[in-house]
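Undergrad: The sequence and its predicted three-dimensional model are supplied below.
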Amino acid sequence: MARKTHRHRLALALTFGVLAPVGARAEGPDNLPLYKMLRSLEFVQDSVVAGDSSAGEMQRFLLSTIDARLRNADKSVFEDTRNVDAALAYAMSGGNPETLEYLMQRDVNGNFDNRVADVLRKYLNGKGLLVVNTLADIAKEYRDKPIGPYLSLVAGNVMSGKNAMAALKLYDWARLMAPGTIVEESALRRSLALCADAGLVPLGLEYSQRYTRRFLHSPYASQFADLFVQLVVDHDSDVKQQDIIDILSFMDPPRQREIYLRMARRAAIAGKSDLAALAAGRAQAISSDGTDSFDALAGFYGGVAGVSTPGLEAAISNLNQMPAGELNARDRALRDAAKAVAQEILRVPDPASLGQGNVPNLPNQQNTEHDAAVTKQTGGQSPGTAGVEQGAAAKAAPAPEGGRQEADSSFNAFVTTSRSKLDAIDGMLKQESH
């Protein structure tokens, strides 16, 4: 940690000119050109996504420092196009959007490209869709400029709500123009999100592999993990087991286990028992820290998935082996829902509801018995015509019909009660899946 902090201080010292040669004028933050300050911000942000957690505080410091410099800068500063680009890049790098508005109001000399400033103001105010096509055209025009990668990323963000494939192309350009930077990390992660939603599985797997090879230690890697799990679970029929293994092979065992556990949980909730069992098994197979807590959790998710399979009894056993105190609130709700489903599956039906035995006081029961006696006395032929015989048969019909109505009533009551319970369970699971 101390070494990382020292590296950042050294880099900033070099940038600010503190270590300038003897006789050269040292540049402090107050007189350092804006474009050099922006370079320091980019360096620190790239260090953050590379896994340097100590750079986060320096990032916040630089953002606030650059913001103050922009607001206090003389108008002549922006006669240098590098400083103009720095101001625009700052706005697209998490800077204060009100500062861009402030600069535009003071730009009486026309140093800023009004088209760029206008689309960025709308984007930062949540109105990017109003200028989505203009923004895409400007991103293409500025592709070879310093702000090109930022504009392509922003244009991709806006385009993603309109045209997924067009957005992916913009993200690809952002990655190609700024490899190894926070821009590439963001573009890869957002590309994966689009692929997961649109079912673009081959592309999604390709982006996933690129991300794990380059930005595994990014603070946003947890978001990537959720997106990767979404891609696999939602489109499991299009994903090979070896694809999953190959992509996760770039991770250390603890990270692999974490993703497999997330996959097992989401697959269990989605009712994809085979994938849930596979992911739970992979999680159990990965060496842990010497405790059996991860094994128990993997078995628990496998048990949730097994409730809807012929291995119900084994699934219930796995559910019962996980102490409730070791589950968080979400997993306790998941366990309760799984047990409720298992209970309904195992509940023995009431035999009386399935039979059609004698039911007292059925309508026309006495008439039916009388007709049967008359038929027996006449050797199977009723004393009337064929129409009378048909009438006797018609009179005899209500007896089994009445029994069936009683059975149907009992069965419907069972279905209604079960359905209300299952609806409640579905509600719990829907809350869990969001």
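TA: Received the coordinates, thanks.
Undergrad: what number of residues lie near residue 142?
TA: For residue 142, the count of nearby residues is 20 (other C-beta atoms under 10 Å). C-beta here means a position set from N, CA and C on the backbone, and glycine is covered the same way.
Undergrad: That one reaches residue 116, doesn't it?
TA: Yes. Applying C-beta atoms under 8 Å as the test, residue 142 and residue 116 come out as touching, 7.4 Å apart.
Undergrad: any shared contact partners between the two?
TA: residue 151 (C-beta atoms under 8 Å, 6 or more residues apart in numbering).
Undergrad: Show residues contacting whichever helix or strand residue 175 is part of.
TA: In the assignment (DSSP states H and E), residue 175 maps to helix 164-177. Identification of contacts with helix 164-177 by C-beta under 8 Å, 6+ apart yields 136, 139, 143, 148-150, 152-153, 155-157, 159-160, 183-184, 186-188, 190-191, 194-195, 197-198, 200, 203.
Undergrad: Next, the angle from the next helix or strand after it to helix 164-177.
TA: For helix 164-177, the succeeding helix or strand toward the C-terminus, using DSSP H and E, is helix 182-198. The directions of helix 182-198 and helix 164-177 differ by 160 degrees, with axes from the mean of the first three to the mean of the last three C-alpha atoms, to 10 degrees as the criterion.
Undergrad: Helix 182-198 - contacts with which helices or strands?
TA: Secondary-structure packing of helix 182-198 (3 or more C-beta pairs under 8 Å, 6 or more residues apart in numbering; DSSP states H and E): helix 34-49, helix 148-159, helix 164-177, helix 201-214, helix 221-234.
Undergrad: looking at those, which is closest to residue 102?
TA: Put simply, out of the helices and strands packed on helix 182-198 the one that sits nearest residue 102 is helix 34-49, at 14.5 Å, with distance taken as C-beta to C-beta.
Undergrad: For the closest one, enumerate the helices and strands it packs against.
TA: So helix 34-49, by 3+ C-beta pairs under 8 Å, 6+ apart, packs with helix 2-16, helix 55-72, helix 81-91, helix 182-198.
Undergrad: returning to that earlier point: give me the buried entries from the contacts of helix 164-177.
TA: Among those, those scoring as buried are 136, 139, 148-150, 152-153, 155-157, 159-160, 183-184, 186-188, 190-191, 194-195, 200, 203 (criterion: 16 or more other C-beta atoms under 10 Å).
Undergrad: Report the buried residues of the helix holding residue 175.
TA: Of the residues in helix 164-177, 164, 166, 167, 168, 170, 171, 172, 173, 174, 175, 177 count as buried by neighbour count, 16+ other C-beta under 10 Å.
Undergrad: Now do the fourth one, the pLDDT please.
TA: Spelled out, it's residue 168. Turning to residue 168, the model gives it a pLDDT of 98.
Undergrad: ok, back up a step: which one of the helices and strands packed on helix 182-198 lies nearest to residue 97?
TA: Within the helices and strands packed on helix 182-198, the stretch nearest residue 97 is helix 148-159; the backing value is 12.2 Å (C-beta to C-beta).
Undergrad: For residue 193, which non-adjacent residue is spatially closest?
TA: Sequence neighbours aside, residue 227 is the residue nearest to residue 193 in space, at 5.3 Å (criterion: C-beta to C-beta, 6 or more residues apart in numbering).
Undergrad: what about the one you found, how many neighbours?
TA: Residue 227 is flanked by 23 other residues according to other C-beta under 10 Å.
Undergrad: Check residue 114 too.
TA: A count of neighbours around residue 114, defined by other C-beta under 10 Å, yields 10.
Undergrad: Angles on the backbone of it, please.
TA: With angles defined as degrees, to the nearest 10, residue 114 sits at phi -60, psi -30.
Undergrad: show me the contacts for it.
TA: With C-beta under 8 Å, 6+ apart, residue 114 has no contacts at all.
Undergrad: can you tell me how far it sits from residue 69?
TA: When distance is defined by C-beta to C-beta, to the nearest Å, residue 114 is 23 Å away from residue 69.
Undergrad: try residue 110
TA: When C-beta to C-beta is the yardstick, residue 110 and residue 69 sit 21 Å from each other.
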